[in-house]
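Asker: just need the structure, nothing else, for what follows:
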Amino acid sequence: DVQLVESGGGLVQPGGSLTLSCATSGFIFDRYALAWFHQAPGRKRERVACTSTNGATQYYSDSVKGRFTISRDAADNTMTLQMRSLRPEDTGVYYCAAHRACQDSDWDVRAYLGQGTQVTVAS
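Answerer: Here you go, the predicted structure:
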């Protein structure tokens, strides 16, 4: 079975940093693009970062560009999201996801999704 398990969430002050990790299993790692989704309280889940199957290309939403860095490690089938200069609006649940390609338009309905990890940015 496909498994995506997030870790690293928590409470952080505005301007602080946090690194999320995603451990994956149950699929051929280098055949899937990997992404992070963010769901703020009362809002729709949105993709904020994506890395291509070989890790050569990354995509970011405008809201996190320049502050977040996505990466993947084929040696241990993991993915991370380094978050810097965190803002209160970054608060929410972060989900790890896997799908065929970052360019695909159906991540919302077809991607494998983890259970999520809570990030709270507050003083």
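Asker: which residue packs closest to Gln3, ignoring adjacent ones?
Answerer: Nearest residue to Gln3, sequence neighbours excluded (C-beta to C-beta, 6 or more residues apart in numbering): Ser25, at 4.8 Å. The C-beta positions use only the backbone N, C-alpha and C, and glycine is treated the same way.
Asker: isn't the one you found right up against Asp76?
Answerer: No - if you go by C-beta atoms under 8 Å, Ser25 and Asp76 don't touch, sitting 10.4 Å apart.
Asker: if we can go back for a sec, return the residues in contact with the residue nearest to Gln3.
Answerer: The contact partners of Ser25, taken as C-beta atoms under 8 Å, 6 or more residues apart in numbering, are Val2, Gln3, Asn77.
Asker: burial of Trp36, as a residue count?
Answerer: Per other C-beta atoms under 10 Å, the neighbour tally for Trp36 reads 27.
Asker: can I assume it is in contact with Thr69?
Answerer: No - here Trp36 does not reach Thr69: they are 10.7 Å apart, not a contact under C-beta under 8 Å.
Asker: between the two ends of stretch 106-122, how far is it?
Answerer: End-to-end distance of stretch 106-122 (C-alpha to C-alpha, to the nearest Å): 33 Å.
Asker: which other helices and strands contact the least confident helix or strand in the chain by mean pLDDT?
Answerer: Counting by mean pLDDT, DSSP states H and E, the chain has its least confident helix or strand at helix 107-110, which shows a mean of 88. In this structure, helix 107-110 packs against strand 92-99, with contacts taken as 3 or more C-beta pairs under 8 Å, 6 or more residues apart in numbering; DSSP states H and E.
Asker: now the strand it packs on: how far from the chain's centre is it?
Answerer: Mean-position distance between strand 92-99 and its chain equals 5 Å (C-alpha atoms, centre = their mean, to the nearest Å).
Asker: mind listing what it pairs with, with the direction of each?
Answerer: Strand 92-99 pairs in its sheet with strand 33-39 (antiparallel), strand 112-113 (antiparallel), strand 117-121 (antiparallel), by DSSP bridges.
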